[in-house]
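# only geometry, no sequence info:
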């Protein structure tokens with residue numbers, strides 16, 4: 001058995017089987033190829049490599065159109081990034097939509113494979129979407145010829161005759177008759193993100209399939225591949241100019257907020273390989289449809305001078321913190337709404353007895369208060385458990401944004417420590433940052449090659465958790481707890497004009513960027529301190545939610561009463577904004593703000609400030625962190641909540657109508673855009 005080295009060739013003749021019968025199932029084929037790699041010294045054992053490949057296969061089939069299959073995995077059993085290849089006779093079904101495969105590559109990567117190896121493997125994956133390369137594999141007469149063909153695509157500098165697509169797929173194509181006039185004349189270009197669980201093969205094949213579809217349709221397609229060989233984020237100006245976005249991923253999209261407000265088509269990564277033309281057509285249609293699904297949040301300003309690959313530290317920290325808040329919010333929303341439902345059924349006193357009721361009673365042994373009290377306790381306890389993840393999730397995903405998956409364990413631990421010592425939301429922020437940067441630092445340690453596979457799953461989480469835990473307990477825990485306690489006491493002590501000023505500030509923040517970092521900061525501030533026994537926190541929550549409802553409601557009102565000041569698309573968006581505003585989805589105003597920011601955003605901020613001030617002045621409270629008017633049962637002094645919301649909405653609508661009518665805006669629509677009938681005059 002040979003001993004692999006770091007420089008060992010990824011494919012060799014002893015890893016190739018031609019016109020072979022490897023069994024009737026994909027499990028048998030994968031096991032045989034795993035055995036070939038193990039025999040060649042590329043893996044420590046056949047079973048571990050086989051199991052890792054089959055586990056990936058269970059996530060989604062790896063069969064591709066055209067008789068190709070690319071089972072692949074990362075495994076600690078793999079000692080050197082390698083390719084096993086089999087040309088099968090008979091063919092075997094790997095789940096492709098058009099039938100069984102006769103060309104099978106087993107792509108095996110070490111658990112800690114470096115970016116250089118990942119780029120080589122991704123180059124092969126890209127080449128497999130090229131018909132001429134696949135034909136060459138079928139016509140090859142020897143293992144040596146297969147090695148030459150594969151080496152030509154993973155090392156194009158040495159073998160220029162067979163080339164792979166560019167690392168950053170960008171298509172600039174001329175118009176083609178294949179696309180309809182409506183689809184080719186309106187959109188400028190489409191952007192896309194592709195990603196699969198292992199980030200080795202499907203990520204890059206999907207990218208090139210979409211680019212090729214764009215060339216056929218005469219549409220420019222820019223793709224960001226979020227794979228294991230690294231990712232170069234799309235430039236903000238490219239994203240800003242795109243008419244729609246395609247998310248072809250089996251995992252979460254990193255930096256999803258960059259695409260906020262864009263019409264979106266989403267699917268698994270394999271659909272982009274199998275049906276790229278269909279997905280592109282859907283994206284083109286979505287770009288022309290005002291009712292199409294859109295990416296939530298607020299996008300980075302298109303005028304930013306920082307490139308996506310060279311962000312300043314201020315921007316990076318803001319994005320890191322926003323990532324943590326974005327992942328935290330689902331815990332807050334789900335938990336808070338369930339707590340509110342618990343209050344609805346069991347009354348506010350349920351908070352003190354819910355745990356005892358859930359533990360000691362059942363549906364057949366009801367507590368005092370009957371079924372309502374029992375169900376209220378169950379709902380409250382489920383919500384409280386979900387809500388308890390607020391700070392750990394915040395810290396965990398802040399750390400994740402810095403150090404990726406190895407940062408999760410130390411980040412969540414830092415958040416748990418922050419809760420334990422009473423440091424709360426502030427402790428979660430600080431602990432998450434420390435955990436992430438410590439994990440990132442450890443990931444750069446120089447260690448023996450034999451231990452590299454342990455880095456992401458053992459070494460980084462172990463030492464980062466130990467370090468951040470020690471720092472939080474020994475150094476920062478008590479000071480951060482004191483700051484949190486002091487802030488809470490200050491808020492509880494606010495009265496008169498000072499509390500109204502706080503309402504104005506929160507209202508301005510909620511309406512400044514409509515779901516962006518400033519909006520999220522105000523929302524996180526409110527939810528992190530939310531407690532049903534703390535009246536000050538309930539007033540802050542009411543001010544934040546009411547102010548956040550103003551922008552979409554105001555734009556809905558303005559586009560209804562003065563429809564001729566808005567484009568046809570904006571009038572359609574205005575209809576949807578009624579519901580979005582009522583449900584506390586501030587992003588409903590993004591299409592208006594994006595088209596005319598200098599007149600819309602100041603108008604929204606003015607109304608939000610009025611609403612925030614009135615909420616505080618009239619002692620309105622709210623015990624649910626989300627839901628808008630639909631959680632009316634959790635609103636204290638609901639009449640003044642409605643009055644405050646209505647006044648802020650009217651103020652914003654009046655100001656935006658006045659601004660559009662009397663102030664010339666930089667992005668003001670033309671008369672033809674306001675009234676399509678004028679376009680023919």
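Good, I have the coordinates. Since the model is a prediction, treat every value here as computed from it, not as a measurement. Numbering: from 1, shown residues only.
# which SS state does residue 278 fall under?
helix (DSSP: H, G, I helix; E, B strand; the rest coil).
# ignore what I typed, I meant residue 625.
coil.
# how about it, nearest residue that isn't a chain neighbour?
Residue nearest to residue 625 in three dimensions, not counting chain neighbours: residue 336, with 3.6 Å by CB to CB, 6 or more residues apart in numbering. In this view, the C-beta of every residue, glycine as well, is placed from N, C-alpha and C.
# my read is that the one you found contacts residue 537, right?
No. In this structure, residue 336 is not within contact of residue 537 by CB atoms under 8 Å, at 11.8 Å.
# shared neighbours of those two, which are they?
Common contacts of residue 336 and residue 537 (CB atoms under 8 Å, 6 or more residues apart in numbering): residue 530.
# so these two - more neighbours on which side?
residue 336 (26 against 23; other CB atoms under 10 Å).
# so what does the helix or strand where that one lies touch, helix or strand wise?
Using DSSP states H and E, residue 336 maps to helix 313-346. Applying 3 or more CB pairs under 8 Å, 6 or more residues apart in numbering; DSSP states H and E, we find helix 313-346 packed against helix 370-387, helix 390-403, helix 424-443, helix 517-528.
# tilt between the first one and helix 390-403?
It refers to helix 370-387. 30 degrees (axes from the mean of the first three to the mean of the last three CA atoms, to 10 degrees).
# ok, back up a step: to residue 340, which of the helices and strands packed on helix 313-346 lies closest?
Among the helices and strands packed on helix 313-346, the nearest to residue 340 by CB to CB is helix 370-387 (7.7 Å).
# now that closest one, how far from the centre of its chain.
30 Å (CA atoms, centre = their mean, to the nearest Å).
# residues in contact with that helix?
331-332, 334-347, 350-351, 353-355, 357-358, 361-363, 366-367.
# need the helices and strands packed on helix 313-346 in CSV with distance to residue 606 and mean neighbour count, can you?
What follows is the helices and strands packed on helix 313-346, written out as CSV (distance: least, CB to CB, whole Å; neighbours: other CB atoms under 10 Å):
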stretch, distance to residue 606, mean neighbour count
helix 370-387, 33, 19
helix 390-403, 31, 28
helix 424-443, 29, 24
helix 517-528, 16, 22
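# and of those, who's closest to residue 214?
helix 390-403 (30.6 Å).
# any idea which helix or strand comes after that closest one?
Helix 390-403 is succeeded, C-terminally, by helix 408-421 (DSSP H and E).
# by contact count, what packs against that next one?
Checking 3+ CB pairs under 8 Å, 6+ apart, helix 408-421 ends up next to helix 390-403, helix 424-443, helix 460-471, helix 477-493.
# return the set of buried residues in that helix.
Residues 408-419, 421 are the ones in helix 408-421 that count as buried (16 or more other CB atoms under 10 Å).
# which residues are contacting that helix?
Residues contacting helix 408-421 (CB under 8 Å, 6+ apart): 388, 391-400, 423-424, 426-428, 430-432, 434-436, 438-439, 461, 464-465, 467-469, 472-473, 477-478, 480-481.
# okay, helices next: where are they in the stretch 501-650 of the chain?
517-528, 535-561, 568-582, 590-595, 597-617, 638-662 (DSSP state H, counting those that start in this stretch).
# any chance of these in a markdown table, plus mean pLDDT and distance to residue 89?
Formatted as a markdown table, the helices of the stretch 501-650 of the chain follow (pLDDT from 0 to 100; distance: least, CB to CB, whole Å):
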| stretch | mean pLDDT | distance to residue 89 |
| --- | --- | --- |
| helix 517-528 | 73 | 57 |
| helix 535-561 | 91 | 61 |
| helix 568-582 | 82 | 56 |
| helix 590-595 | 75 | 56 |
| helix 597-617 | 92 | 63 |
| helix 638-662 | 93 | 70 |
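# mind checking which of those is nearest residue 84?
Across those, residue 84 has its closest neighbour in helix 517-528 (46.9 Å, CB to CB).
# tell me what angle that closest one forms with helix 370-387.
Going by the same axes, to 10 degrees, helix 517-528 makes 130 degrees with helix 370-387.
# what helices and strands are in contact with helix 517-528?
helix 313-346, helix 390-403, helix 424-443, helix 497-512, helix 535-561.
# might you list the low-confidence residue ranges for the stretch 251-400 of the chain?
251-252, 296-316, 318-319 (pLDDT under 70).
# 50 instead, please
297-311 (pLDDT under 50).
# chain center to the helix holding residue 336: distance?
15 Å.
# contacts for the next helix-or-strand element following that helix next, please.
Sequence order places helix 354-360 as the next helix or strand after helix 313-346, per DSSP H and E. For helix 354-360, contacts defined as CB under 8 Å, 6+ apart pick out 342, 346, 350, 367, 373-374, 376-378, 380-381, 384.
# re the thing from before, tabulate the helices and strands packed on helix 517-528 (a markdown table), appending distance to residue 263.
Listed next are the helices and strands packed on helix 517-528 as a markdown table, based on distance: least, CB to CB, whole Å:
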| stretch | distance to residue 263 |
| --- | --- |
| helix 313-346 | 20 |
| helix 390-403 | 26 |
| helix 424-443 | 33 |
| helix 497-512 | 24 |
| helix 535-561 | 18 |
